[in-house]
Each structure stands twice: as structure tokens, then as C-alpha cells.
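**Student:** Sequence and computational prediction follow.
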Amino acid sequence: MADYKKSSVHCHSTMCDGKNTLQDMASAACAQGLTTLGFTGHSYTQRDREYCMSPSRTAQYKATIAKLKTEYKGKVDILCGIEWDILSEDKRTGYDYWIGSAHHLYGKNTGKYYEIDFRPQDLWDCINDDFDADPLAAVEAYFAEVEKVAALKPDILAHIDLIKKLNANGEFFDEESPRYKAAALKALQAAKDNDCLLEVNTGGVYRGYRKDFYPGAWLLGEWQKMGGKVIITSDSHDINSLTFGFDEAAAAIKAAGFTSVQVLTGNGFETQEL
């Protein structure tokens, strides 16, 4: 029977920007009683090679996971996924599943690509130099990127409101603003139109950036009204966060009015009643 507490399918290793090796992550998953572990290394994105897997590393990633599948057969279902970025040159095929995401904004004035979820100064530069010092214009551009990802029908749509990661205290923009909400709802509608599965991602809380998950309570409630489906993920970058906040995420999902979650297992996606 599917159990969200035993399936962690948005995970990163030292192959990209994670802290532990693939082997260490698999060993920890087994020790922690998981039945499914899905690796989702960051796809090769030439415009920002700081955090992603190179083509040669991607090949090594696939080969190592193939060995781990055999090693842990009967213990943990190991899945070879990819977190595919909208700017990526990598293919989305050849994986067990793929998570679609957006992490950057393009600056029309400078021609730069800005990573919006890492350095606060990069986000300030992006807003001031390329969005005429209008933070909500950058927000609108980000959610437009999410719409593009959704249109490709990923198996899972990642951290839909990642643009808020560095905005915990409202430093950049007002998340209650009508413009913010309108842009977010437009992306959410694109997700629904393309039958996307939305992750409820606990990673921003684990790493201390936010007190709320991706998506936050308001957006999650809107997704429920649309009849959308959700899956709980940790966006884990180390062995200690494989199932971080899963019960709290389930509680938030239930509070939003959902009665079930999707769980990815070795047999595909299954429904678990809450």
C-alpha cells in the first residue's frame, strides 16, 4: 500500500548541488525505512553550470543509479529521475520520470540569466537592472516561466512559487498583492490545463528560508478548488532531509481540503487517502 512517509522522490546528490553521494542517499533511505527513493539531479543548463550536472556527469549519474537499482532490489525501489529546468539543453527522455522547474529569469536589458533562488543580490540586480525596479514585474515573468514548464506536461511540477524563497520577510515584494496573486493563479491554471501533479515541497523550510511550504497555504487552497492533485516531496539535498516535514505537509494538504495525496512507488503513481 502506498505510504507518503516512505517515498522520497525529489532528491539531489553530490552529482549536482547535494551534500551526499548517490550511494550515501540510498543507504540512508534504506536505513530510514523508505520503500522508494527517486533521484532527480539538476539537468544540464549551459547558462548556469554552477549547480547542475554536466553531460559527462549525467552519464555517470545514470550508470551509478543503475547499479544501485540492482543493489537495493527487494529493499528500496530506486528511481532514476531528473529535475529538468526550462533552460536546460538536456533531454527529458530516458528517465523513470521527470520533474519540471524554473529557477532563472532572463534580463532583457543586460542579456543576463539570473538565478532567483540563491543570492539575494542577484535577485535585486535582476529587478533593478532588468525589470525597471518593479519587483512584481519580475514575479510575473517568473510565473510565466512556470507556465512554460507546465505546458510540457512534467510528471511532477516543482516548487511552483519558488520566486518567494528569498522573500520570507517581504524584502522584495508583497505576496498579498493582487498582481502577485494574479500571476500565481495564471501559472496554477496552466498547471491544471496540463493535468500537472503539483509537489508540496518542504525544502525551503528545512533549509531555513521559509516557514511555509511551496506552494503556500493560499495557493494550495486554490489548487484544491481546481481539483488538482498533490505529492509530498522534500527537495532533499542531504541524508537528513529525505522525509523532512512530511507529516506537517500532509496536515497542510488536509487543511486545504484535500482527501488524498499521490505517492510515487516502483509501480508508478498511486493514491493514498489521508
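**Tutor:** Right, received. Where do you want to start? Residues are numbered from 1 along each chain as shown.
**Student:** can you give me the strands for the stretch 1-150 of the chain?
**Tutor:** For the stretch 1-150 of the chain, applying DSSP state E, counting those that start in this stretch gives strands covering 7-11, 36-42, 77-85, 97-101, 104-106, 113-115.
**Student:** The first one versus strand 36-42: what angle between them?
**Tutor:** So that's strand 7-11. Here the directions of strand 7-11 and strand 36-42 differ by 10 degrees (axes from the mean of the first three to the mean of the last three C-alpha atoms, to 10 degrees).
**Student:** so how far is strand 7-11 off the chain centroid?
**Tutor:** Relative to the mean C-alpha coordinate of its chain, strand 7-11 is positioned 10 Å out (C-alpha atoms, centre = their mean, to the nearest Å).
**Student:** Can you name the residues in contact with that strand?
**Tutor:** Here strand 7-11 makes contact (C-beta atoms under 8 Å, 6 or more residues apart in numbering) with 18, 25, 29, 34-40, 79, 81, 83, 97, 99, 156, 158, 199, 201, 203, 231, 233-237, 242-243, 263-265. No exception for glycine: its C-beta is placed from N, CA and C like everyone else's.
**Student:** can you check the last one too?
**Tutor:** Strand 113-115 has contacts (C-beta under 8 Å, 6+ apart) with 47-48, 50-51, 87, 103-107, 122-123, 125-126, 130.
**Student:** Return the residues in contact with residue 213.
**Tutor:** With C-beta under 8 Å, 6+ apart, residue 213 has these contacts: 200-202, 204-205, 220, 245, 249, 252.
**Student:** Closest one to residue 58 out of these, please.
**Tutor:** The closest of the contacts of residue 213 to residue 58 turns out to be residue 201 (C-beta to C-beta; 22.8 Å).
**Student:** Next one: that closest one from residue 106, what distance?
**Tutor:** 24 Å (C-beta to C-beta, to the nearest Å).
**Student:** One more: residue 78?
**Tutor:** Distance from residue 78 to residue 106, by C-beta to C-beta: 36 Å.
**Student:** These two: who's more crowded?
**Tutor:** Counting neighbours by other C-beta atoms under 10 Å for residue 78 and for residue 106 shows that residue 78 has the greater number, 25 against 15.
**Student:** Who does that one form a beta bridge with?
**Tutor:** Beta bridges link residue 78 to residue 37, judged by DSSP bridges.
**Student:** Would you state the helices of the stretch 51-200 of the chain in chain order?
**Tutor:** In the stretch 51-200 of the chain, the segments counted as helices under DSSP state H, counting those that start in this stretch are 55-71, 120-125, 135-151, 178-193.
**Student:** Could you identify which of those helices is most buried?
**Tutor:** helix 135-151 (a mean of 21; mean count of other C-beta atoms under 10 Å).
**Student:** What lies in contact with that one?
**Tutor:** 86, 100-102, 104-106, 116, 123, 126-127, 130-131, 157, 160, 162-163, 172-174, 177, 179-180, 183-184, 186-187, 190-191, 193-194, 196.
**Student:** what about 7 Å?
**Tutor:** Helix 135-151 is contacted by residues 86, 100-102, 105, 116, 126-127, 131, 157, 160, 163, 172-173, 177, 179-180, 183-184, 186-187, 190-191, 194, 196 when judged by C-beta atoms under 7 Å, 6 or more residues apart in numbering.
**Student:** Now stretch 204-216 - C-alpha only, PDB.
**Tutor:** Provided in PDB are the C-alpha atoms of stretch 204-216 (Å, rounded to 0.1, in the frame of the first residue of the first chain):
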ATOM      1  CA  GLY A 204      12.600  25.800   1.800                       C
ATOM      2  CA  VAL A 205      11.500  25.200   5.400                       C
ATOM      3  CA  TYR A 206      14.300  22.600   6.100                       C
ATOM      4  CA  ARG A 207      16.900  25.000   4.800                       C
ATOM      5  CA  GLY A 208      15.600  27.900   6.900                       C
ATOM      6  CA  TYR A 209      14.400  30.200   4.100                       C
ATOM      7  CA  ARG A 210      10.700  29.900   4.700                       C
ATOM      8  CA  LYS A 211       8.200  28.900   7.400                       C
ATOM      9  CA  ASP A 212       5.700  27.800   4.700                       C
ATOM     10  CA  PHE A 213       6.000  25.200   2.000                       C
ATOM     11  CA  TYR A 214       5.900  25.500  -1.800                       C
ATOM     12  CA  PRO A 215       3.100  26.200  -2.500                       C
ATOM     13  CA  GLY A 216       1.900  28.200   0.400                       C
END
